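Enquirer: my questions concern the predicted model and sequence given below.
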Amino acid sequence: MKVLVTGGIGYIGSHTCIAMIEAGIEPIILDNLSNSKLAVLDRIETLTSIRPVFYQGDVRDQDKLDLIFSEHEISSVIHFAGLKSVGESVAKPLEYFDNNVNGSLVLARSMRKAGVKSIVFSSSATVYGDPKVVPISENSPTGATTNPYGRSKYIVEQCFSDLFAAEPLWSITLLRYFNPVGAHPSGLIGEDPQGMPNNLMPFIAQVAVGRRDFLAVFGDDYDTVDGTGVRDYIHVMDVAAGHIAALKIVGEKAGLHIYNLGTGQGRSVLEMLDAFSLACGKTLPYQILPRRAGDIAQCWASTEKAQQELDWHATRTLNEMAADTWNWQSKNPQGYSDC
Ligand code: NAD
Ligand code: UDP
(Lines give C-alpha, C1' and ligand atoms only; values in the text may rest on other atoms or scores of the structure.)
(Ligands and ions follow the chains in the order given, each with its own letter.)
Protein backbone atom coordinates (compact mmCIF):
# COMPACT_ATOMS: atom_id res chain seq x y z
CA MET A 1 0.00 0.00 0.00
CA LYS A 2 1.37 3.42 -1.05
CA VAL A 3 0.55 6.50 0.99
CA LEU A 4 1.38 10.06 -0.01
CA VAL A 5 2.91 11.83 2.98
CA THR A 6 2.95 15.62 2.61
CA GLY A 7 5.48 17.23 4.94
CA GLY A 8 6.98 13.76 5.36
CA ILE A 9 10.49 14.82 6.26
CA GLY A 10 9.38 17.19 9.03
CA TYR A 11 9.40 16.28 12.70
CA ILE A 12 6.24 14.18 13.01
CA GLY A 13 6.25 13.14 9.35
CA SER A 14 9.73 11.58 9.51
CA HIS A 15 8.88 9.50 12.59
CA THR A 16 5.63 8.44 10.95
CA CYS A 17 7.43 7.41 7.74
CA ILE A 18 9.64 5.09 9.78
CA ALA A 19 6.61 3.58 11.51
CA MET A 20 4.93 3.16 8.10
CA ILE A 21 7.89 1.37 6.58
CA GLU A 22 8.05 -0.91 9.62
CA ALA A 23 4.32 -1.63 9.15
CA GLY A 24 4.83 -2.52 5.46
CA ILE A 25 3.31 0.72 4.13
CA GLU A 26 5.25 2.59 1.44
CA PRO A 27 5.49 6.36 2.03
CA ILE A 28 5.75 8.64 -1.02
CA ILE A 29 6.97 11.95 0.38
CA LEU A 30 6.21 15.48 -0.84
CA ASP A 31 7.94 18.30 1.04
CA ASN A 32 9.03 21.81 0.04
CA LEU A 33 11.91 21.78 2.60
CA SER A 34 10.66 25.04 4.14
CA ASN A 35 11.20 23.59 7.61
CA SER A 36 13.23 20.44 7.07
CA LYS A 37 16.47 19.10 5.67
CA LEU A 38 17.16 16.44 3.06
CA ALA A 39 19.49 14.72 5.55
CA VAL A 40 16.35 13.28 7.12
CA LEU A 41 15.99 10.99 4.11
CA ASP A 42 19.48 9.56 4.74
CA ARG A 43 18.56 8.96 8.36
CA ILE A 44 15.31 7.20 7.42
CA GLU A 45 17.31 5.01 5.05
CA THR A 46 19.87 4.22 7.76
CA LEU A 47 17.10 3.20 10.16
CA THR A 48 14.91 1.20 7.77
CA SER A 49 17.25 0.26 4.87
CA ILE A 50 14.67 1.87 2.59
CA ARG A 51 14.96 5.29 0.97
CA PRO A 52 11.44 6.60 0.45
CA VAL A 53 10.48 8.10 -2.89
CA PHE A 54 10.83 11.85 -2.42
CA TYR A 55 9.37 14.76 -4.38
CA GLN A 56 10.58 18.24 -3.56
CA GLY A 57 7.61 20.51 -4.07
CA ASP A 58 4.77 22.44 -2.59
CA VAL A 59 1.40 21.06 -1.59
CA ARG A 60 -0.17 24.13 -3.22
CA ASP A 61 1.25 23.04 -6.60
CA GLN A 62 -1.60 21.08 -8.16
CA ASP A 63 0.43 20.03 -11.22
CA LYS A 64 3.02 18.45 -8.95
CA LEU A 65 0.32 16.62 -7.00
CA ASP A 66 -1.39 15.45 -10.19
CA LEU A 67 1.97 14.12 -11.39
CA ILE A 68 2.55 12.19 -8.15
CA PHE A 69 -0.94 10.66 -8.29
CA SER A 70 -0.35 9.68 -11.91
CA GLU A 71 3.03 8.08 -11.19
CA HIS A 72 1.93 6.04 -8.14
CA GLU A 73 -1.11 4.06 -7.15
CA ILE A 74 -1.78 5.96 -3.94
CA SER A 75 -4.38 4.56 -1.52
CA SER A 76 -4.36 7.32 1.11
CA VAL A 77 -2.75 10.61 2.01
CA ILE A 78 -1.34 11.75 5.35
CA HIS A 79 -1.28 15.52 5.27
CA PHE A 80 1.37 16.97 7.61
CA ALA A 81 2.58 19.83 5.37
CA GLY A 82 1.97 23.26 6.78
CA LEU A 83 3.32 26.05 8.95
CA LYS A 84 3.09 25.55 12.70
CA SER A 85 4.39 28.48 14.71
CA VAL A 86 1.70 30.26 16.72
CA GLY A 87 3.72 33.47 17.15
CA GLU A 88 4.73 33.65 13.49
CA SER A 89 1.12 33.11 12.45
CA VAL A 90 0.10 36.32 14.25
CA ALA A 91 2.69 38.25 12.23
CA LYS A 92 2.04 36.42 8.93
CA PRO A 93 -1.62 35.37 8.81
CA LEU A 94 -1.84 35.33 5.00
CA GLU A 95 1.11 32.95 4.71
CA TYR A 96 -0.49 30.68 7.30
CA PHE A 97 -3.89 30.59 5.60
CA ASP A 98 -2.27 30.09 2.22
CA ASN A 99 -0.04 27.19 3.30
CA ASN A 100 -2.43 25.50 5.68
CA VAL A 101 -5.89 26.19 4.25
CA ASN A 102 -5.20 26.69 0.55
CA GLY A 103 -2.65 23.84 0.64
CA SER A 104 -5.30 21.48 2.02
CA LEU A 105 -7.85 22.55 -0.61
CA VAL A 106 -5.43 22.11 -3.52
CA LEU A 107 -4.55 18.69 -2.14
CA ALA A 108 -8.19 17.64 -1.78
CA ARG A 109 -8.94 18.75 -5.36
CA SER A 110 -6.03 16.79 -6.74
CA MET A 111 -7.06 13.74 -4.69
CA ARG A 112 -10.58 13.93 -6.06
CA LYS A 113 -9.26 14.19 -9.61
CA ALA A 114 -7.14 11.09 -9.02
CA GLY A 115 -9.97 9.19 -7.32
CA VAL A 116 -8.13 9.03 -3.98
CA LYS A 117 -10.62 9.59 -1.17
CA SER A 118 -8.78 8.74 2.03
CA ILE A 119 -6.95 11.42 4.00
CA VAL A 120 -5.52 11.69 7.51
CA PHE A 121 -5.09 15.32 8.51
CA SER A 122 -2.75 16.75 11.17
CA SER A 123 -5.05 18.81 13.32
CA SER A 124 -4.30 20.10 16.77
CA ALA A 125 -5.67 20.45 20.28
CA THR A 126 -5.53 24.17 19.56
CA VAL A 127 -8.96 23.83 17.85
CA TYR A 128 -10.45 23.43 21.35
CA GLY A 129 -9.22 26.89 22.42
CA ASP A 130 -9.29 27.41 26.18
CA PRO A 131 -11.23 24.36 27.43
CA LYS A 132 -13.85 24.76 30.12
CA VAL A 133 -13.53 21.12 31.11
CA VAL A 134 -10.60 18.69 31.15
CA PRO A 135 -10.01 16.05 29.96
CA ILE A 136 -11.04 17.28 26.53
CA SER A 137 -13.16 14.84 24.53
CA GLU A 138 -13.63 14.94 20.78
CA ASN A 139 -17.14 16.33 21.39
CA SER A 140 -15.86 19.34 23.32
CA PRO A 141 -16.60 22.69 21.65
CA THR A 142 -14.16 23.78 18.95
CA GLY A 143 -13.59 27.01 17.09
CA ALA A 144 -12.76 29.51 19.83
CA THR A 145 -9.20 29.65 18.57
CA THR A 146 -6.90 32.43 19.67
CA ASN A 147 -4.48 32.87 16.76
CA PRO A 148 -4.28 32.45 12.94
CA TYR A 149 -2.46 29.10 13.22
CA GLY A 150 -5.27 27.65 15.34
CA ARG A 151 -7.88 29.17 13.05
CA SER A 152 -6.19 27.64 10.00
CA LYS A 153 -6.51 24.17 11.59
CA TYR A 154 -10.12 24.82 12.55
CA ILE A 155 -10.98 26.09 9.05
CA VAL A 156 -9.43 23.02 7.41
CA GLU A 157 -11.44 20.79 9.76
CA GLN A 158 -14.60 22.65 8.68
CA CYS A 159 -13.69 22.41 4.97
CA PHE A 160 -13.09 18.66 5.26
CA SER A 161 -16.33 18.17 7.24
CA ASP A 162 -18.26 19.99 4.50
CA LEU A 163 -16.51 17.93 1.83
CA PHE A 164 -17.55 14.75 3.62
CA ALA A 165 -21.14 16.01 3.93
CA ALA A 166 -21.23 16.62 0.18
CA GLU A 167 -19.30 13.50 -0.87
CA PRO A 168 -19.86 10.81 1.78
CA LEU A 169 -17.63 8.23 0.11
CA TRP A 170 -14.56 10.01 1.49
CA SER A 171 -12.68 8.70 4.51
CA ILE A 172 -11.49 11.78 6.37
CA THR A 173 -9.60 11.40 9.63
CA LEU A 174 -8.84 14.45 11.74
CA LEU A 175 -6.13 13.68 14.30
CA ARG A 176 -5.95 16.33 17.00
CA TYR A 177 -2.45 16.11 18.42
CA PHE A 178 -1.79 17.39 21.90
CA ASN A 179 1.92 18.16 22.53
CA PRO A 180 4.24 15.85 20.58
CA VAL A 181 7.75 15.64 22.06
CA GLY A 182 10.64 13.16 22.10
CA ALA A 183 12.58 11.59 19.28
CA HIS A 184 13.33 8.24 17.69
CA PRO A 185 15.20 6.18 20.33
CA SER A 186 18.20 5.84 17.96
CA GLY A 187 18.86 9.58 18.29
CA LEU A 188 19.10 9.77 14.49
CA ILE A 189 15.96 11.80 13.93
CA GLY A 190 14.25 14.36 16.12
CA GLU A 191 12.86 17.87 16.29
CA ASP A 192 15.09 20.55 14.76
CA PRO A 193 13.48 23.96 15.17
CA GLN A 194 14.98 26.78 13.11
CA GLY A 195 15.97 29.81 15.23
CA MET A 196 14.61 30.30 18.71
CA PRO A 197 12.36 27.36 19.70
CA ASN A 198 8.77 28.34 20.49
CA ASN A 199 7.90 25.10 22.24
CA LEU A 200 8.87 23.99 25.69
CA MET A 201 10.66 20.69 25.12
CA PRO A 202 13.04 21.80 22.35
CA PHE A 203 13.82 24.91 24.39
CA ILE A 204 14.71 22.84 27.47
CA ALA A 205 16.83 20.54 25.27
CA GLN A 206 18.77 23.54 23.94
CA VAL A 207 19.38 24.78 27.50
CA ALA A 208 20.68 21.31 28.41
CA VAL A 209 23.06 21.23 25.44
CA GLY A 210 24.35 24.77 26.16
CA ARG A 211 22.75 26.63 23.25
CA ARG A 212 20.52 28.72 25.61
CA ASP A 213 21.39 30.10 29.07
CA PHE A 214 18.15 29.32 30.89
CA LEU A 215 14.53 28.36 30.43
CA ALA A 216 12.08 31.24 30.68
CA VAL A 217 9.03 29.81 32.46
CA PHE A 218 6.01 31.75 31.23
CA GLY A 219 4.01 32.30 34.40
CA ASP A 220 3.79 30.54 37.77
CA ASP A 221 0.43 31.97 38.81
CA TYR A 222 -1.96 29.70 36.93
CA ASP A 223 -4.51 27.67 38.84
CA THR A 224 -2.56 24.44 38.28
CA VAL A 225 -0.59 21.94 40.37
CA ASP A 226 2.43 24.26 40.78
CA GLY A 227 1.23 27.45 39.08
CA THR A 228 2.90 26.71 35.72
CA GLY A 229 1.06 25.76 32.53
CA VAL A 230 -0.07 22.16 32.13
CA ARG A 231 -0.15 20.27 28.81
CA ASP A 232 -0.55 16.70 27.58
CA TYR A 233 2.91 15.81 26.22
CA ILE A 234 2.98 12.72 24.04
CA HIS A 235 5.96 10.84 22.61
CA VAL A 236 6.28 11.40 18.85
CA MET A 237 6.69 7.63 18.35
CA ASP A 238 3.25 7.17 19.92
CA VAL A 239 1.88 9.88 17.62
CA ALA A 240 3.42 8.01 14.67
CA ALA A 241 1.79 4.77 15.84
CA GLY A 242 -1.55 6.61 16.05
CA HIS A 243 -1.30 7.34 12.30
CA ILE A 244 -0.69 3.69 11.48
CA ALA A 245 -3.73 2.71 13.57
CA ALA A 246 -5.83 5.38 11.83
CA LEU A 247 -4.72 4.28 8.36
CA LYS A 248 -5.36 0.63 9.05
CA ILE A 249 -8.62 0.87 10.97
CA VAL A 250 -10.52 3.81 9.52
CA GLY A 251 -8.43 4.77 6.46
CA GLU A 252 -10.56 2.60 4.18
CA LYS A 253 -13.91 3.26 5.87
CA ALA A 254 -15.96 6.10 4.52
CA GLY A 255 -16.67 8.56 7.30
CA LEU A 256 -15.52 11.63 9.17
CA HIS A 257 -13.31 10.19 11.90
CA ILE A 258 -12.04 12.48 14.67
CA TYR A 259 -9.54 11.44 17.36
CA ASN A 260 -7.43 13.06 20.02
CA LEU A 261 -3.84 11.86 20.15
CA GLY A 262 -2.70 12.46 23.72
CA THR A 263 -1.77 10.48 26.81
CA GLY A 264 -4.64 11.65 29.00
CA GLN A 265 -2.19 13.06 31.54
CA GLY A 266 -1.28 16.70 32.13
CA ARG A 267 2.26 17.78 33.10
CA SER A 268 3.41 21.17 34.31
CA VAL A 269 6.38 23.13 32.96
CA LEU A 270 8.34 22.41 36.14
CA GLU A 271 7.55 18.69 35.92
CA MET A 272 8.93 18.68 32.38
CA LEU A 273 12.04 20.49 33.54
CA ASP A 274 12.56 17.94 36.35
CA ALA A 275 12.13 15.01 33.97
CA PHE A 276 14.66 16.53 31.59
CA SER A 277 17.16 17.26 34.39
CA LEU A 278 16.95 13.60 35.35
CA ALA A 279 17.52 12.52 31.74
CA CYS A 280 20.55 14.75 31.16
CA GLY A 281 22.00 14.42 34.66
CA LYS A 282 22.18 18.13 35.48
CA THR A 283 20.00 20.73 37.11
CA LEU A 284 18.81 23.13 34.43
CA PRO A 285 18.57 26.87 35.15
CA TYR A 286 15.23 28.66 34.78
CA GLN A 287 13.65 32.02 35.50
CA ILE A 288 10.00 32.80 36.09
CA LEU A 289 8.74 35.38 33.58
CA PRO A 290 5.25 36.80 33.03
CA ARG A 291 2.62 34.72 31.28
CA ARG A 292 2.93 34.37 27.49
CA ALA A 293 0.10 36.15 25.65
CA GLY A 294 -2.59 33.77 24.43
CA ASP A 295 -1.52 30.83 26.64
CA ILE A 296 -4.15 28.70 28.33
CA ALA A 297 -3.67 27.34 31.87
CA GLN A 298 -4.11 23.67 31.20
CA CYS A 299 -5.28 21.03 28.78
CA TRP A 300 -5.15 17.31 28.43
CA ALA A 301 -6.93 14.78 26.28
CA SER A 302 -9.60 12.25 26.83
CA THR A 303 -8.10 9.18 25.15
CA GLU A 304 -11.09 6.85 25.35
CA LYS A 305 -12.32 7.21 21.78
CA ALA A 306 -8.94 6.42 20.19
CA GLN A 307 -8.50 3.50 22.56
CA GLN A 308 -11.93 2.05 21.79
CA GLU A 309 -12.11 2.66 18.06
CA LEU A 310 -8.48 2.57 16.94
CA ASP A 311 -7.22 0.18 19.63
CA TRP A 312 -4.43 2.71 20.13
CA HIS A 313 -3.07 4.38 23.23
CA ALA A 314 0.19 6.08 24.08
CA THR A 315 2.62 3.72 25.81
CA ARG A 316 5.80 5.79 26.30
CA THR A 317 6.48 7.42 29.67
CA LEU A 318 7.49 10.97 30.48
CA ASN A 319 11.00 9.72 31.30
CA GLU A 320 11.25 8.13 27.85
CA MET A 321 10.11 11.42 26.26
CA ALA A 322 12.88 13.29 28.10
CA ALA A 323 15.55 10.61 27.61
CA ASP A 324 14.89 10.28 23.87
CA THR A 325 14.88 14.06 23.38
CA TRP A 326 18.17 14.31 25.23
CA ASN A 327 19.66 11.42 23.25
CA TRP A 328 18.76 13.20 19.97
CA GLN A 329 19.87 16.66 21.15
CA SER A 330 23.17 15.51 22.67
CA LYS A 331 24.09 13.51 19.55
CA ASN A 332 23.03 16.40 17.26
CA PRO A 333 23.69 19.62 19.22
CA GLN A 334 22.95 21.79 16.16
CA GLY A 335 20.21 19.49 14.83
CA TYR A 336 20.55 18.45 11.19
CA SER A 337 22.98 21.33 10.61
CA ASP A 338 25.58 18.95 12.09
CA CYS A 339 25.15 16.61 9.07
P1 NAD B 1 7.39 20.40 10.75
O2 NAD B 1 7.51 21.83 10.39
O3 NAD B 1 8.55 19.71 11.36
O4 NAD B 1 6.93 19.56 9.46
C5 NAD B 1 6.14 20.11 8.44
C6 NAD B 1 6.80 19.77 7.12
O7 NAD B 1 6.00 20.28 6.07
C8 NAD B 1 8.19 20.37 6.97
O9 NAD B 1 9.07 19.37 6.51
C10 NAD B 1 8.01 21.47 5.93
O11 NAD B 1 9.18 21.65 5.14
C12 NAD B 1 6.83 20.95 5.13
N13 NAD B 1 5.99 21.98 4.52
C14 NAD B 1 5.52 23.12 5.07
N15 NAD B 1 4.74 23.79 4.20
C16 NAD B 1 4.71 23.04 3.06
C17 NAD B 1 4.10 23.20 1.80
N18 NAD B 1 3.34 24.27 1.55
N19 NAD B 1 4.30 22.24 0.86
C20 NAD B 1 5.07 21.16 1.13
N21 NAD B 1 5.69 20.96 2.29
C22 NAD B 1 5.51 21.89 3.26
O23 NAD B 1 6.10 20.25 11.69
P24 NAD B 1 5.62 19.01 12.56
O25 NAD B 1 5.83 19.33 13.99
O26 NAD B 1 6.13 17.76 11.99
O27 NAD B 1 4.04 19.14 12.31
C28 NAD B 1 3.41 18.41 11.27
C29 NAD B 1 1.95 18.83 11.23
O30 NAD B 1 1.35 18.57 12.50
C31 NAD B 1 1.73 20.30 10.93
O32 NAD B 1 0.59 20.43 10.10
C33 NAD B 1 1.45 20.89 12.30
O34 NAD B 1 0.65 22.03 12.23
C35 NAD B 1 0.72 19.74 12.97
N36 NAD B 1 0.81 19.78 14.44
C37 NAD B 1 2.04 19.82 15.03
C38 NAD B 1 2.13 19.88 16.42
C39 NAD B 1 3.48 19.95 17.09
O40 NAD B 1 3.54 20.32 18.27
N41 NAD B 1 4.59 19.62 16.43
C42 NAD B 1 0.97 19.90 17.21
C43 NAD B 1 -0.27 19.83 16.57
C44 NAD B 1 -0.34 19.77 15.16
N1 UDP C 1 6.59 27.39 27.99
C2 UDP C 1 7.50 28.02 28.81
N3 UDP C 1 8.67 28.45 28.27
C4 UDP C 1 8.99 28.26 26.96
C5 UDP C 1 8.05 27.62 26.13
C6 UDP C 1 6.85 27.20 26.68
O7 UDP C 1 7.24 28.21 30.01
O8 UDP C 1 10.07 28.69 26.52
C9 UDP C 1 5.32 26.90 28.57
C10 UDP C 1 4.08 27.51 27.94
O11 UDP C 1 3.74 28.71 28.60
C12 UDP C 1 3.05 26.38 28.14
C13 UDP C 1 3.89 25.10 28.05
O14 UDP C 1 5.25 25.51 28.31
O15 UDP C 1 2.51 26.45 29.45
C16 UDP C 1 3.83 24.44 26.68
O17 UDP C 1 4.14 25.40 25.69
P18 UDP C 1 4.33 24.98 24.16
O19 UDP C 1 4.54 26.23 23.38
O20 UDP C 1 5.35 23.91 24.06
O21 UDP C 1 2.92 24.30 23.78
P22 UDP C 1 1.46 24.96 23.62
O23 UDP C 1 1.36 26.10 24.58
O24 UDP C 1 1.38 25.39 22.20
O25 UDP C 1 0.52 23.85 23.96
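Expert: Thanks, I have it. Ligands and ions are numbered 1, 2, ... in the order given.
Enquirer: and the residue in the stretch 201-339 of the chain that ligand 1 sits nearest to, how far is that from Ile172?
Expert: Distances between the stretch 201-339 of the chain and ligand 1 by C-beta to the nearest ligand atom are smallest at Val236, namely 8.1 Å. Placement of C-beta: from N, CA and C, glycine included. Distance, Val236 to Ile172, using C-beta to C-beta, to the nearest Å: 23 Å.
Enquirer: run a quick neighbour tally on the residue nearest to Cys17 when sequence neighbours are not counted.
Expert: In space, Cys17 comes closest to Pro27 once its chain neighbours are excluded; the distance is 4.4 Å by C-beta to C-beta, 6 or more residues apart in numbering. Look at Pro27: counted by other C-beta atoms under 10 Å, it has 24 neighbours.
Enquirer: ok, now which ones touch the residue of the stretch 1-150 of the chain found nearest ligand 1?
Expert: Ranked by C-beta to the nearest ligand atom, the top residue of the stretch 1-150 of the chain for proximity to ligand 1 is Gly10, at 1.9 Å. Residues in contact with Gly10, defined by C-beta atoms under 8 Å, 6 or more residues apart in numbering, are 31, 35-36, 80-81.
Enquirer: just send the residues you listed back as TSV, with secondary structure too.
Expert: Listed next are these as TSV, based on DSSP: H, G, I helix; E, B strand; the rest coil:
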residue	secondary structure
Asp31	strand
Asn35	coil
Ser36	coil
Phe80	coil
Ala81	coil
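Enquirer: which one of those residues is nearest to ligand 2?
Expert: For the contacts of Gly10, the nearest to ligand 2 is Asn35 (16.0 Å; C-beta to the nearest ligand atom).
Enquirer: wait, that closest one touches Gln194, no?
Expert: Yes - counting by C-beta atoms under 8 Å, Asn35 does reach Gln194; the two are 6.5 Å apart.
Enquirer: between the two, which is the more surrounded one?
Expert: Asn35 (18 against 12).
Enquirer: which residue packs closest to the more buried one, ignoring adjacent ones?
Expert: Excluding its sequence neighbours, the residue lying closest to Asn35 (C-beta to C-beta, 6+ apart) is Gly10, at 6.0 Å.
Enquirer: what distance do you get for the one you found to Val59?
Expert: Look at Gly10 and Val59: by C-beta to C-beta, they are 12 Å apart.
Enquirer: do the same with Trp312
Expert: 26 Å.
Enquirer: who's more crowded, these two?
Expert: Val59 (27 against 21).
Enquirer: break down the stretch 101-250 of the chain into its helices, ranges please.
Expert: Using DSSP state H, counting those that start in this stretch, the helices of the stretch 101-250 of the chain run over residues 103-114, 148-166, 200-208, 236-249.
Enquirer: can you redo those as JSON lines with mean neighbour count?
Expert: Formatted as JSON lines, the helices of the stretch 101-250 of the chain follow (neighbours: other C-beta atoms under 10 Å):
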{"stretch": "helix 103-114", "mean neighbour count": "19"}
{"stretch": "helix 148-166", "mean neighbour count": "19"}
{"stretch": "helix 200-208", "mean neighbour count": "23"}
{"stretch": "helix 236-249", "mean neighbour count": "22"}
